[in-house]
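Student: quick one, what's the 3D model for this:
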Amino acid sequence: MTTHPSPAVIARYADRHAALDEVTAWSVEVHLEECTDCRALVAHRTEDDSRDLLASIAAGVDRGIAAGPAPEKRRRLTSARHRWMVWRLAPWLIMTMAVLACAVGLQTLQPAFPSLVALLAPVAPLPAVAIAWSRRHDPAWELIAGTPAAGLAMLLRRTAGVLVVVIPALAVANTRTQGSLALTLLPCLAFTAATIALGGFVGVRRAAVALGTAWAVAVILPAVVTAELPVVLRPGSSGGWALAALVLGGLAGARSGNFRRLTSHN
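Tutor: Modelled structure (predicted):
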């Protein structure tokens, strides 16, 4: 059963000249948040000059809104752009393009090496995906974080924006190295899905760093040392990559609630 403040306490709370200790004032304010009757009682006991002051402030705000400039038509376009892309991603995407160009150049100089583009394809989008939805790299993070579009939906949109740039670059680089297009693009999609799925538990940035490091140590480094294409990138493995991309994508969608509970640095 709800315990209401006594009329005497309500009167002292409404009287700005009366002394009321902080604990009592705090308990009254907490109660007023949920009790309509007590709010009405406080309003009734409020002095006339206080009510006049509040009315004049409200009228002034209304006049300011009415006399203010019209909303900018481009604001909606700006908001949509921030949902799909943020300018802080540009340096990372440029770096990815530069690395792929270097891989093509090295492949031309050392044709005996396994396809460097195929080796780099799985981790190519990870640097940009790692910062696609991050407080540290998004100047509008606090504005967007409180909207229904935040969380996994925002991450997927910005990841799609990253892939729109990375996938064509991989396809062009692949034509220069005569590698398998499927074994270039499918691992890229699988690792992107794995980053998002694992990011639901440890944070996208940490997931990208862990997966990129694991791939570099377990696959790229041995392939460069032995000059042989790893088993996971040889013909016949494309079906496994496609299945992995689908399963990991489903797992990421099933854990969408986790992206609402991640700490800001994740």
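
Student: how near is Q178 to Q107?
Tutor: From Q178 over to Q107 the distance is 9 Å, taken as Cβ to Cβ, to the nearest Å. Bear in mind the C-beta positions are built from the backbone N, C-alpha and C, glycine included.

Student: which of the two has more neighbours?
Tutor: Q107 (21 against 10; other Cβ atoms under 10 Å).

Student: list the buried ones in whatever helix or strand the more buried one lives in?
Tutor: Element membership of Q107 [criterion: DSSP states H and E] is helix 90-109. Buried residues in helix 90-109, counted by 16 or more other Cβ atoms under 10 Å: W92, L93, T96, M97, V99, L100, A103, V104, Q107.

Student: can you add pLDDT and give these back as a markdown table?
Tutor: Shown next, in a markdown table, are the buried residues of helix 90-109 (pLDDT from 0 to 100):
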| residue | pLDDT |
| --- | --- |
| W92 | 85 |
| L93 | 89 |
| T96 | 91 |
| M97 | 92 |
| V99 | 91 |
| L100 | 91 |
| A103 | 89 |
| V104 | 90 |
| Q107 | 85 |
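
Student: nearest to L248 among those residues?
Tutor: Checking the buried residues of helix 90-109 against L248 with Cβ to Cβ, the nearest one is T96 at 20.8 Å.

Student: give me the nearest residue to that closest one, chain neighbours excluded.
Tutor: Distances taken as Cβ to Cβ, 6 or more residues apart in numbering place A124 nearest to T96, at 5.4 Å, with adjacent residues excluded.

Student: my guess is that neighbour contacts V165, does it?
Tutor: No - under the criterion of Cβ atoms under 8 Å, A124 makes no contact with V165, lying 10.1 Å away.

Student: so these two - more neighbours on which side?
Tutor: A124 (29 against 18).

Student: shaky segments in the protein?
Tutor: For the chain, the stretches with pLDDT under 70 are 1-2, 45-55, 58, 68, 70-87, 133-150, 257-266.

Student: what about 50?
Tutor: 74-80, 82, 262-266 (pLDDT under 50).

Student: please enumerate the helices of it.
Tutor: 7-14, 22-32, 36-45, 48-67, 75-84, 90-109, 116-120, 126-130, 141-145, 152-177, 182-202, 204-215, 221-226, 238-254 (DSSP state H).

Student: ok so, going back, common neighbours of A124 and V165, please.
Tutor: The contact sets of A124 and V165 overlap at T96 (Cβ atoms under 8 Å, 6 or more residues apart in numbering).

Student: quick one on the thing from earlier: ok, the residue nearest to T96 - contacts?
Tutor: T96, V99, L100, V166, A169, L170, C188 are the contacts of A124 under Cβ under 8 Å, 6+ apart.

Student: biggest separation within the residues you listed, which pair?
Tutor: Largest pairwise distance in the contacts of A124, by Cβ to Cβ, is 13.4 Å, between V99 and C188.

Student: about what we covered before: from the contact counts, what lies against the helix holding Q107?
Tutor: helix 116-120, helix 126-130, helix 152-177 (3 or more Cβ pairs under 8 Å, 6 or more residues apart in numbering; DSSP states H and E).

Student: tabulate these (JSON lines), appending distance to P7.
Tutor: Shown next, in JSON lines, are those (distance: least, Cβ to Cβ, whole Å):
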{"stretch": "helix 116-120", "distance to P7": "75"}
{"stretch": "helix 126-130", "distance to P7": "60"}
{"stretch": "helix 152-177", "distance to P7": "50"}
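
Student: right, so of the ones you listed, which gets closest to Y13?
Tutor: So among the helices and strands packed on helix 90-109, helix 152-177 is nearest, using Cβ to Cβ, at 43.0 Å.
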